[in-house]
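Asks: Only the shape, not the letters, is given here:
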């Protein structure tokens, strides 16, 4: 148990590091009054939105907490319900901190852009890293303390479910908010009124920037908080069987130590991100990732050899890290303007919006193939190395060793999560900063610089989404294994009719969920469009007679997001419970697994397709064709991609893990009370 | 064996009936010279295309036939290779006959429209029914004769694989041809030049009409030929085990008798389709379906009681018929302009093409949910009733009885295939007829009448696609069961890593396949657009200086379709073979099953989403808003939907069955030579 001090120390170091970076950011100058005013408006809007959203999540969590208390803990110590509430709370705290720092970093990045690129990069990257460090650290500390208190990883799963639930609503609500504002602003501003992005005359422009903070920052943070948490707990549950077989306690706490290695590797990787005047910000960011990966591999090697003493298991971990890098590369191929897919979409835009959309759909559907092959390769390779270890170890055997191999691959993949999350947070901060420079009438020079930052941010956002989905898929697979352990199911045979039916239903759930999420954005955006049109017309903003009312647009997005997130949010909570209680625990396992497969593919399509449309538009703009029919067609594709890549897609990441944590939480109940078995 | 006379008689009656209808059609007047000229151009183009396509399919089939001879039949009687070639040949003949009659019926329908609605309905409906009868009859006769010759259903599967292969290329090639022409014609004609659909000045207009015949007629016919064939053979294989257990030979030949019942029910249903002046053609068509369904149910009851003597098995069959009707109702809800989904898309078009697309994507994704639930309900109910029979019958048992129950449900579903195919063929004939009336400058009255026919044809096309996918899904499920019997696999456990990997890959294949198919259409359409633009510019067609060159456009579509169908066509042939030989026969089963699930959902989305976009445009036109921005936005959605609903979606129907027939064909090889097991 003394070993548990290491993850606590690692978590504390990460939090201190985050605190230092936050302090560093607040020390930087905030720029002109105009900049500060805009930033204050974004900050106020973001806070107001999160307050409102957190209230909704709190109400749902407390109701569920009471149900859990009555269902699981009644008359006992409230293990499950307390863990659940703590999980939800930690996720919300991490989300809030991320948003808070991001809204401080945006204006300071904008101010620094006037003077120094390295400074601007440092501020925006630090801002993102605060999110990365806070999420990874809070997840690790929470799981470690609960494990220390409860002494049994199967009792902690409530913490994971709490994290899942608040991630679901954070990602859904934030995603609906940000895209309602973005689509609404674009449709009226860019297409109808012909004013550029981030034009201060557009009433929805502040809401758009608020959306970056509440959707991309708080939402994605909650997503990876959930991945780390779910993966940690599930790997510990899977490790229990190996502990029983080998009496090596490290099999249970290895996930916590692996995460600690990841934290240290991330911190050592920070200094490698050093911007230079005139150099594309992607270069230092890439250096940071490469350094972190190298340190992770070294750390992983030392850890595996010193605790589990198996080179095979190290190779299993390496499979996970390699797979995540390969998926990032594939994501880059399909979403970067440097390669064929995006250029094809740009070319197809010449014949109008129809061919732009058709071409983008084809790219999105196509891009699912390689990530699936890579994940399959990682599973095969990790299982093989794990199996080698198992076969050579008395009492373990091929199967158990193989399963632990895939667990270690997932840990390997998630060990770089802190750094990747940092890059992810870098995106919305730069997006905001570019908006602030534009709206405050910054110099031509600053605009040019911020454009490079914005483009880099767009790239990192797309790449990290590929990573996040790969991590979510592997974490969900691990949760599936842990679920089988919990309900004592050995075989999930799709020849059985109730299993086949559960598989069919599981495959469909991500589609229905995505439909509900997209429709929510459509409805919310429609309201936004009407409001922006009304303001243009009644206030005469375009004629310079009146000023836009930003607050009204923020209110519309806020209310719409709160209302619209309920239905898609309930779907993945209710359906697995129904499947589990009616078709039985084994069927619930099939439901979970096939939903993961289908969700993985659908999310890859939506994330990458959306990003490819976005960058096809940017490619056309970079060719100096802004304002042509080809560009207008590409704007249509970009707008269509928005709800796919920023609402439905990332929400599916959360969905697949939620199904896992929920099934594990209810697993024993399914096993006891289900109608079929 | 004497019982085998019944299916032969039924098949002969159906062929005679088809011959009578074809003769009736040719007897009708062909209208004005202008009409005849246009019709001749369509006919020549269709024949030229099919000739070219059949050459490609013949080459591929003969190569595969030789491989099969060497692999399966060497030194023996060429059972598998002969069956394979015969299957491909029968499918091609049925397709050719359908196209031939359709190109005769189109101009006669147009000519009749000037005078009598009942006459026009009779001609177009008869034209469609020739396709229905020819396909069902040739499939039944082929399977029966081969069974009579070989004496073992497992040896006939080559016939099914031949049907699958030629269906795949017929549907893919036809789908690419028709949508390249359609999208190309629309993009330049409707959107750029502002001329209406079917305007004779548009050089791609004849190619568009040719496409209806080679894509919708020959393609869909091949699709359902494959469904009937695959289902027949698979159900006979599944029936073998029950024959062994009960010594009741009817379990093996029941599928052939059930199909005979369906043929007679369809023929008796024909007179119920009786058009009336001033009545929506949908009314008599619906009456025909209702009558056929009632006769089918009665016939099915009599057949089940007299041969298998089990009310439970009759109820299993009823589950299948009911499920197919429910899926048609759901399809109608999502694709008809009378209901919310289509109206939502029309409403969303007010804010431009982006929101039109977003809304259509949401409808398409959403519409997958209910069909999945219905199919699951049908599986559960059929399995339950079959299980009841099995549990009560010594030597059979719950599981075997349940599996046969789902087989009977599939037979029930496919028993109305002839009538449904007739309705399906009605669509493209009316589409052609409307085009001929328009292009030949028909009277206002005839145009108005043909518009009602065209609308009814659009509806039947959408509904029958829902039916076709449900039938394909059930047939694939049955093929999966037959495959398990062939390779002697009892359990497909997705907990095993190689099974999980195969499931993952299987889920992805329909996505990649759809991507390739859509991209093929995009590329071909792009060439068409350039050609139409060139002709408009160089020939001055719009200024009345020159005449369009229809033949050039047909050539472009023909060449593009032949070239572009190869890559997507090879994918579903090569991947299951790789999976089977590397990951083993059980993994190949999981691949097949999960690909079916994923393909079912994806095809539902593409078919219904595409039809909803189409009808949203029509809804706006019917509201008198043609030419507005809202209408223009809806045209974008319609164009995007075209390759989804007429190329990728229907090709996925074929894909899932092809995976089944292919796996069964190669099953013993997987079992013998695979690297893993």
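Replies: Yep, it's here. Bear in mind that the values here come from a model prediction, so they are computed numbers and not experimental data. Numbers count the residues shown, from 1 in each chain, chains lettered A, B, ... in the order given.

Asks: from here on, contacts and neighbour counts on C-alpha atoms
Replies: Fine.

Asks: Spell out which residues of the stretch 101-250 of chain A are next to chain B.
Replies: Near chain B, the residues belonging to the stretch 101-250 of chain A are residue A:187 when assessed by CA under 8 Å from any CA of the partner chain.

Asks: Could you pull out the helices in the stretch 101-250 of chain A for me?
Replies: Using DSSP state H, counting those that start in this stretch, the helices of the stretch 101-250 of chain A run over A:117-150, A:153-185, A:205-211, A:218-246, A:250-269.

Asks: Which elements pack onto the first one?
Replies: Secondary structure elements in contact with helix A:117-150, counted by 3 or more CA pairs under 8 Å, 6 or more residues apart in numbering or on different chains; DSSP states H and E, are helix A:5-27, helix A:79-113, helix A:153-185, helix A:218-246, helix A:250-269, helix A:417-439.

Asks: Redo those as TSV? Include distance to residue B:6.
Replies: Formatted as TSV, those follow (distance: least, CA to CA, whole Å):
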stretch	distance to residue B:6
helix A:5-27	76
helix A:79-113	66
helix A:153-185	59
helix A:218-246	60
helix A:250-269	67
helix A:417-439	67
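
Asks: Quickly compare those and say which is most buried.
Replies: Sort the helices and strands packed on helix A:117-150 by mean neighbour count, taking mean count of other CA atoms under 10 Å in any protein chain shown, and helix A:153-185 sits at the top with a mean of 31.

Asks: on that earlier part again, I'd like the helices and strands packed on helix A:117-150 as CSV, with distance to residue A:351 and mean pLDDT appended.
Replies: Shown next, in CSV, are the helices and strands packed on helix A:117-150 (distance: least, CA to CA, whole Å; pLDDT from 0 to 100):
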stretch, distance to residue A:351, mean pLDDT
helix A:5-27, 47, 96
helix A:79-113, 38, 93
helix A:153-185, 23, 91
helix A:218-246, 36, 91
helix A:250-269, 46, 95
helix A:417-439, 30, 92
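
Asks: Go through these and name the closest to residue B:19.
Replies: helix A:153-185 (57.3 Å; CA to CA).

Asks: what's the helix or strand for residue A:537?
Replies: Secondary structure from DSSP states H and E places residue A:537 in helix A:497-539.

Asks: Contacts only, for the nearest residue to residue A:80 once chain neighbours are set aside.
Replies: Nearest non-adjacent residue to residue A:80, counting by CA to CA, 6 or more residues apart in numbering or on different chains: residue A:158, 5.1 Å away. With contact taken as CA atoms under 8 Å, 6 or more residues apart in numbering or on different chains, residue A:158 is in contact with A:80, A:81, A:82, A:83, A:84, A:87, A:661, A:665.

Asks: For the stretch 201-350 of chain A, which residue gets nearest to chain B?
Replies: Closest residue of the stretch 201-350 of chain A to chain B, CA to the nearest CA: residue A:348 (7.9 Å).

Asks: residues from the stretch 551-677 of chain A in reach of chain B?
Replies: Residues of the stretch 551-677 of chain A lying near chain B (CA under 8 Å from any CA): A:590, A:597, A:598, A:601, A:636, A:637, A:639, A:640.

Asks: out of those, who has the most neighbours?
Replies: Among those, the one with the most neighbours (other CA atoms under 10 Å in any protein chain shown) is residue A:637, at 36 neighbours.

Asks: per-residue confidence for the residue of the stretch 201-350 of chain A closest to chain B?
Replies: For residue A:348, the pLDDT comes out at 91.

Asks: Output the contacting helices and strands for the host helix or strand of it.
Replies: In this structure, residue A:348 sits in helix A:340-348 according to DSSP H and E. In terms of contacts (3+ CA pairs under 8 Å, 6+ apart), helix A:340-348 is packed against helix A:311-335, helix A:353-366, helix A:585-622.

Asks: what residues are up against the closest residue to residue A:88 other than its chain neighbours?
Replies: Excluding the flanking residues, the one nearest residue A:88 by CA to CA, 6+ apart is residue A:162, at 4.2 Å. Residues counted as contacts of residue A:162 (CA under 8 Å, 6+ apart) are A:61, A:83, A:84, A:85, A:86, A:87, A:88, A:89.

Asks: Looking at those residues, which two lie furthest apart in space?
Replies: A:61 and A:83 (11.5 Å).

Asks: quick one on the thing from earlier: now the helices and strands packed on helix A:340-348 in a markdown table, with distance to residue B:473 and mean pLDDT?
Replies: Formatted as a markdown table, the helices and strands packed on helix A:340-348 follow (distance: least, CA to CA, whole Å; pLDDT from 0 to 100):
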| stretch | distance to residue B:473 | mean pLDDT |
| --- | --- | --- |
| helix A:311-335 | 31 | 95 |
| helix A:353-366 | 21 | 95 |
| helix A:585-622 | 17 | 95 |
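
Asks: What residues does the stretch 351-500 of chain A have near chain B?
Replies: Counting by CA under 8 Å from any CA, the stretch 351-500 of chain A sits next to chain B at A:351, A:353-355, A:357-359, A:361-369, A:372-373, A:376, A:379-380, A:383, A:490-495, A:497-498.

Asks: Run through the residues that contact the residue nearest the centre of chain A.
Replies: Nearest residue to the geometric centre of chain A (CA atoms, centre = their mean): residue A:220, 3.4 Å. Contacts of residue A:220 were listed using CA under 8 Å, 6+ apart, and they are A:171, A:650.

Asks: and the closest residue to residue A:536 other than its chain neighbours, helix, strand or coil?
Replies: Spatial nearest neighbour of residue A:536, excluding adjacent residues (CA to CA, 6+ apart): residue A:542 at 6.5 Å. For residue A:542, the secondary structure call by DSSP: H, G, I helix; E, B strand; the rest coil comes out as coil.

Asks: burial of residue A:542, as a residue count?
Replies: 16.

Asks: Backbone torsions only: list them for whichever residue of the stretch 551-677 of chain A sits closest to chain B.
Replies: Using CA to the nearest CA, the closest approach of the stretch 551-677 of chain A to chain B is made by residue A:636 at 5.1 Å. Here is the backbone geometry of residue A:636 (degrees, to the nearest 10): phi -60, psi -50.

Asks: again, but for the one 4 residues further on
Replies: Dihedral angles of residue A:640 (phi, psi; degrees, to the nearest 10) stand at phi -60, psi -40.

Asks: My guess is it contacts residue B:354. True?
Replies: Yes: the pair residue A:640 and residue B:354 qualifies as a contact (CA atoms under 8 Å) at a distance of 5.5 Å.

Asks: closest to residue B:38 out of the helices of the stretch 101-250 of chain A?
Replies: Nearest of these (CA to CA): helix A:153-185, 46.1 Å.

Asks: for the helices and strands packed on helix A:340-348, which one sits closest to residue B:105?
Replies: Smallest distance to residue B:105 across those (CA to CA): 32.7 Å, for helix A:353-366.

Asks: So what angle separates the directions of that closest one and helix B:353-366?
Replies: 40 degrees (axes from the mean of the first three to the mean of the last three CA atoms, to 10 degrees).

Asks: how close does residue A:524 get to residue A:518?
Replies: 10 Å (CA to CA, to the nearest Å).

Asks: and the two? which has more neighbours close in?
Replies: Under the neighbour definition other CA under 10 Å, residue A:524 and residue A:518 were set side by side, and residue A:518 has more, 32 against 26.

Asks: Do you know the pLDDT at the residue of chain A most remote from its centre?
Replies: Going by CA atoms, centre = their mean, the residue of chain A most distant from its centre is residue A:545, 42.2 Å out. Listed pLDDT for residue A:545 reads 82.

Asks: In this structure it contacts residue A:539, no?
Replies: Yes: if you go by CA under 8 Å, residue A:545 and residue A:539 touch, sitting 6.7 Å apart.

Asks: Which phi and psi values does the residue farthest from the centre of chain A adopt?
Replies: According to degrees, to the nearest 10, residue A:545 has phi -80, psi -30.

Asks: Quickly note the distance from it to chain B.
Replies: The gap separating residue A:545 from chain B is 25 Å, by CA to the nearest CA, to the nearest Å.

Asks: I'd like to know how many residues surround residue A:249.
Replies: Based on other CA under 10 Å, the number of other residues close to residue A:249 is 16.
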